[in-house]
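**Student:** Structure, please.
(one chain, ligands or ions: 1)
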Amino acid sequence: MYQGGYIGKVLRINLSEQTAKEEELPLQVAQDFIGGAGFGIKYLFDEVKGGADPLGPENKLIFVSGPLSGTSVPCASRMAVTAKSPLTGAVGMALTGGYFPVELKFAGYDALIVEGKAAAPTYVWIKNGDVRFRSAKKVWGMKTTDTQQIIKNELNDQNVRIACIGPAGENQIKIASIINEWRAVGRKGLGAVMGSKNLKAIAIRGTGKVQVADKEKLKAAKGAFTKAMKESHVLYPAFAKIGTPMVVDHTCATGIFPTKNYTETGQYAPADKIGVDVQMTRNVGKEHCYGCPVGCSQLKLAKTGSYAGILSEGPEYETMYSYGGVTGVENMDAIIAADRLADELGLDTISSGVAIAFAMELYEKGILTKEDTGGLELNFGNDEAMVTILKQMAFREGIGDLLADGAKAAAEKIGKGSDKYAMHVKGLELPAYDVRGAKAHGLNYATAYTGADHNRGYAFQEIFGIPVPHEVDRFAVEGKGKLTKWNQDVRTATTDAPTMCAFLLDMAVAGIATQNTADLLEAVTGLVYTPDDIMQAGERINNLARAFNVREGFTRADDTLPERLLTEPLPGGAAKGHFISKDELNQMLDEYYTERGWNIETGAPTSEKLEELGLGYVFDQMVL
Ligand code: SF4
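**Tutor:** Residues are numbered from 1 along each chain as shown. Predicted structure coming up:
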């Protein structure tokens, strides 16, 4: 019996049959997997068979909010979207914020599972438990802002919350995103999964409430949380005023802002061109996710040239890297315009920028020529070429078609040894940290269940020097296996599953995260957790995700990094000379698997570990 937080209901929609049915959310699933990514991975493992085609009707798209979403807990309006990733073939999970996640709860559901494939372009309209399948013919082919507006008009309700795809998702490019207002489910090609189902959008409206099990307990738990937020000297005033793009200056100073496809990191560090001082000249406002007092989302207006007048939310730090540093683009206004364009087309900004940077390096090396680029001078720094290719990607045109499924797939098509310049892990393009100068962060890229994903085990100890659980030397190797397990489990359990904003973990509450999560969950849901239970839930979710990947054929050999990071020292800056040698990576992996209790040869969870986590049934299912 649910006392609060959870609605206790899952909505299952089958697009092939045009049916919708409500199911009970099993209490044990709630207790063991918390919500968000935890539920997503549990349903994915149990319901999507090994070897399923990620773009086939057998893949499922699972939207899950968290138990704290819709309560008065700040910064909890987030949602995990999970499917088998068409980009990696592994677990595809990404989180988004904004207002859609709470609306799902207000409409009466903890989770929404989308199955099958509609016969024609469709959008789903959910209002307080009433589900309708409507034609999306009118909005098919449209950009994301127009799509959302037209659907709101059609439903005659401007307060409907919408998650939709753009042309990139419709054309099933494997780096397509899902957009909800100014927020994105950016990574792992989940927009392509939505497109493969002929599902243009999900519109949702709810007027329900989320109950709280113990209001007095919640007051006390929230007190500790908000005190830590207020006392954070990073969160206020800097982060609230500048948002994630402020990290550009920091990573330039510490020598890990990746530039020109990782060929000039540290040596070329463009903080003076695209850092905070320049960013602030473009800021015109901000946005807050539901119930967030911080409001880190900055609105920027491009001022110059053909980009003048283009308004975009962000660009976030990762996009400053992907359309700035890694492509060598120094034009702040071009980055703003490219960011807007990617959100309109429904493209992952990280993957698209890194794929273009890869092509730029090939062009400079003569592996790609003007004939391949359709006449574009594809040198680093050419912002016009970058913007042109973004448009081409979404519509699978020109060289954009070659890059539309990511750098790994492009390298396979191009050949000529180009794979060594493709910056990805398991097919997912690298995020904005050159991990040659942050080795636990590198180990996380190598081992995270989604591929190279900063968000699955962010090493804030190395990036920001936060001494939790202890101080670390970012260049050291020893202890990084243990630290990476801790980073992955704590992040999963305190942000991805309860769907709390991860920025708070990094900037304010790291020291109290597990206790605080236990307190908040107990107050809201009535389910009792200790900090150890919270960590174990994180471990359980990471093990189940690993088991899914093992079933898909992933092994220790896939837990690696791009060749460049393993062989070429950083050419300049504060981390000059550092890299992660193959021996160092192996040493860290040995320690990591040992800490995880996994098989050190294969990287697979052992039956003992799975039993310990209550996942005994999984062992026999890890084989195809
Ligand atoms: S800090 Fe930013 S991302 Fe996090 S909840 Fe607030 S506005 Fe959303």
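**Student:** what does this protein have sitting close to the ligand?
**Tutor:** For the chain, the contact set with the ligand under CB under 6 Å from any ligand atom comprises Cys75, Gly97, His288, Cys289, Cys292, Val294, Gly295, Cys296, Ser297, Cys501, Phe503. Just so you know, the C-beta spots here come from the backbone N, C-alpha and C atoms, and that holds for glycine as well.
**Student:** These in strands, which ones?
**Tutor:** Secondary structure from DSSP state E places Ser297 of these in strands.
**Student:** quick one: which of the residues of the chain next to the ligand is most hemmed in?
**Tutor:** Greatest neighbour count in the residues of the chain next to the ligand, by other CB atoms under 10 Å, goes to Gly97: 29 neighbours.
**Student:** The lowest-mean-pLDDT helix or strand in the chain: how far from the chain's middle?
**Tutor:** Least confident element among the helices and strands of the chain, by mean pLDDT, DSSP states H and E: helix 502-504 (a mean of 86). Put simply, helix 502-504 sits 13 Å off its chain's centre (CA atoms, centre = their mean, to the nearest Å).
**Student:** Quick check on the residue located most distally from the centre of the chain: phi, psi?
**Tutor:** Relative to the mean C-alpha coordinate of the chain, counting by CA atoms, centre = their mean, the farthest residue is Glu371 (34.8 Å). Per-residue torsions, Glu371: phi -60, psi -40 (degrees, to the nearest 10).
**Student:** Please go through the chain and pick out the longest helix.
**Tutor:** When the chain is parsed with DSSP state H, its longest helix is helix 531-551.
**Student:** count of residues packed around the closest residue to the ligand within the stretch 301-450 of the chain?
**Tutor:** Residue nearest to the ligand within the stretch 301-450 of the chain: Glu316 (9.2 Å; CB to the nearest ligand atom). Counted with other CB under 10 Å, the neighbours of Glu316 add up to 22.
**Student:** Do I have it right that it meets Gly243?
**Tutor:** Yes - between Glu316 and Gly243 there is a contact at 7.1 Å, judged by CB atoms under 8 Å.
**Student:** Find me the pLDDT at the residue farthest from the centre of the chain, would you?
**Tutor:** pLDDT recorded at Glu371 is 97.
**Student:** any idea how far Leu378 is from it?
**Tutor:** Going from Glu371 to Leu378 by CB to CB, to the nearest Å gives 12 Å.
**Student:** and if you look at Phe475?
**Tutor:** Separation of Phe475 from Leu378 (CB to CB): 34 Å.
**Student:** and the two? which has more neighbours close in?
**Tutor:** Ranked by neighbour count (other CB under 10 Å), Phe475 and Leu378 place Leu378 first, with 25 against 16.
**Student:** what about the closest residue to the more buried one other than its chain neighbours, neighbour count?
**Tutor:** For Leu378, ignoring the flanking residues on the chain, the nearest one in space by CB to CB, 6 or more residues apart in numbering is Tyr363 at 3.8 Å. When counting by other CB under 10 Å, one arrives at 22 neighbours for Tyr363.
**Student:** give me the element Tyr363 is part of.
**Tutor:** According to DSSP states H and E, Tyr363 maps onto helix 349-365.
**Student:** Give me the below-cutoff pLDDT ranges for the protein.
**Tutor:** Within the chain, the ranges that satisfy pLDDT under 70 run 624.
**Student:** ok, so what distance separates the residue most central in space within it from the ligand?
**Tutor:** For the chain, Ala94 is the residue whose C-alpha lies nearest the centre (CA atoms, centre = their mean; 3.8 Å). Distance, Ala94 to the ligand, using CB to the nearest ligand atom, to the nearest Å: 13 Å.
**Student:** what's the answer for Asp590, then?
**Tutor:** On the measure of CB to the nearest ligand atom, Asp590 and the ligand end up 36 Å apart.
**Student:** what packs against the helix or strand that contains that residue?
**Tutor:** Using DSSP H and E, Asp590 maps to helix 582-596. Packed against helix 582-596 by the contact rule (3 or more CB pairs under 8 Å, 6 or more residues apart in numbering; DSSP states H and E) you find helix 439-447, helix 480-491, helix 531-551, helix 563-567.
**Student:** for the closest residue to Thr281 other than its chain neighbours, helix, strand, or coil?
**Tutor:** Leaving aside its sequence neighbours, Thr281 sits nearest to Lys303 (CB to CB, 6+ apart; 7.5 Å). The local conformation at Lys303, judged by DSSP: H, G, I helix; E, B strand; the rest coil, is coil.
**Student:** which residues touch Lys303?
**Tutor:** If you count contacts by CB atoms under 8 Å, 6 or more residues apart in numbering, Lys303 has them with Thr281, Arg282, Asp333.
**Student:** looking at it, the second one is touching Ala302, isn't it?
**Tutor:** Yes - between Arg282 and Ala302 there is a contact at 6.8 Å, judged by CB under 8 Å.
**Student:** Touching both of the two, which residues are there?
**Tutor:** Joint contacts of Arg282 and Ala302 (CB under 8 Å, 6+ apart) are Met332, Asp333, Ile336.
**Student:** Keep only those of those that are in strands.
**Tutor:** Per DSSP E, the subset of the shared contacts of Arg282 and Ala302 in strands is empty.
**Student:** can you pick the most crowded of the residues you listed?
**Tutor:** Highest count within the shared contacts of Arg282 and Ala302 by other CB under 10 Å belongs to Ile336, 26 neighbours.
**Student:** which residues touch the closest residue to that residue other than its chain neighbours?
**Tutor:** Distances taken as CB to CB, 6+ apart place Ala302 nearest to Ile336, at 4.3 Å, with adjacent residues excluded. Neighbouring residues of Ala302 by CB under 8 Å, 6+ apart: Arg282, Ala308, Gly309, Ile310, Leu311, Ser312, Met332, Asp333, Ala334, Ile336, Ala337.
**Student:** How about Gly98: what's its closest non-neighbour residue?
**Tutor:** With CB to CB, 6+ apart as the measure, Arg183 is the residue that lies nearest to Gly98, at 3.9 Å, once sequence neighbours are left out.
**Student:** just checking, the one you found touches Thr96?
**Tutor:** Yes - using CB under 8 Å, Arg183 is in contact with Thr96, at 4.7 Å.
**Student:** any idea where the strands of the stretch 301-450 of the chain begin and end?
**Tutor:** 311-313, 424-425, 428-429 (DSSP state E, counting those that start in this stretch).
**Student:** Pick the most deeply packed of those strands.
**Tutor:** Mean neighbour count (mean count of other CB atoms under 10 Å) peaks for strand 428-429 among the strands of the stretch 301-450 of the chain, with a mean of 28.
**Student:** Might you calculate how far that one sits from the centre of the chain?
**Tutor:** Taking mean C-alpha positions (CA atoms, centre = their mean), strand 428-429 and its chain are 11 Å apart.
**Student:** list the helices and strands it packs on?
**Tutor:** helix 349-365.
**Student:** what's downstream of the helix or strand hosting Gly195, the next helix or strand?
**Tutor:** Gly195 belongs to helix 190-196 when assigned by DSSP H and E. As assigned by DSSP H and E, the chain's next helix or strand after helix 190-196 is strand 199-205.
**Student:** Which positions within the helix or strand just after that next one qualify as buried?
**Tutor:** Next along the chain after strand 199-205, taking DSSP H and E as the criterion, comes helix 215-231. Neighbour-count burial for helix 215-231, counted by 16 or more other CB atoms under 10 Å, picks out Lys217, Leu218, Ala221, Lys222, Phe225, Ala228, Met229.
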